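In: pasting the structure only:
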């Protein structure tokens, strides 16, 4: 698979984002849905990427975005894997790509908001395996019992990487 920058308006990407938004609205009350619409993902402060299969023609496997905030903070948005590609390492590949983008941009921290319900447990496990830890609300978010906020210090991440190989969990 390969990961590359895309537009949220590309037809395949837009369809997956529509699925993402519909699921978020179906699983959480409106005040707890923090997914961005397509136009917000197309803003200059957002880098949208997609993982594609190496098939010919390539097949969309998953998407993710990194939004840049003041204070050298990046925020993960729109992380979504197609149903057919789940369990194949797509989300981890997109996550690693976005962390690399954040490091290249000089960001010091990447944070995210995800759901607190059981439905979101696989996402929370993915982020925890990569070193994200729970934190308080950030970048204008307020407390929400249906949200879990997580963050990764990229300075600490770089130090951990330099000190040796990571153990697989």
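Out: All right, it came through fine. These numbers were taken from a predicted model, which means no experiment stands behind them.

In: Identify the bridge partners of the nearest residue to residue 77 once chain neighbours are set aside.
Out: Spatial nearest neighbour of residue 77, chain neighbours left out: residue 65 (4.3 Å); criterion: Cβ to Cβ, 6 or more residues apart in numbering. Where C-beta positions appear, they are placed from N, C-alpha and C, glycine not excepted. For residue 65, the beta-bridge partners are residue 48, residue 77 (DSSP bridges).

In: and the gap between residue 65 and residue 56?
Out: Look at residue 65 and residue 56: by Cβ to Cβ, to the nearest Å, they are 26 Å apart.

In: ok, these two, which is more surrounded?
Out: A count of neighbours by other Cβ atoms under 10 Å puts residue 65 above the other of residue 65 and residue 56, at 27 against 6.

In: Could you pull up the residues touching that one?
Out: Going by Cβ atoms under 8 Å, 6 or more residues apart in numbering, residue 65 touches 8, 36, 41, 46-49, 76-79, 98.

In: By pLDDT, rank those and give me the bottom one.
Out: Ranked by pLDDT, the contacts of residue 65 bottom out at residue 36 (84).

In: so where do the strands sit in the chain?
Out: Ranges of strands in the chain, per DSSP state E, are 2-5, 46-52, 60-69, 73-81, 109-115, 133-135, 147-153.

In: Would you mind giving those as a markdown table with distance to residue 88 added?
Out: Converted to a markdown table, the strands of the chain look like this (distance: least, Cβ to Cβ, whole Å):
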| stretch | distance to residue 88 |
| --- | --- |
| strand 2-5 | 13 |
| strand 46-52 | 10 |
| strand 60-69 | 7 |
| strand 73-81 | 8 |
| strand 109-115 | 20 |
| strand 133-135 | 26 |
| strand 147-153 | 23 |
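
In: From residue 50, how far out is the residue of the chain most remote from its centre?
Out: When distances are taken from the C-alpha mean of the chain, residue 56 lies farthest, 26.3 Å away, according to Cα atoms, centre = their mean. Distance from residue 56 to residue 50, counting by Cβ to Cβ: 17 Å.
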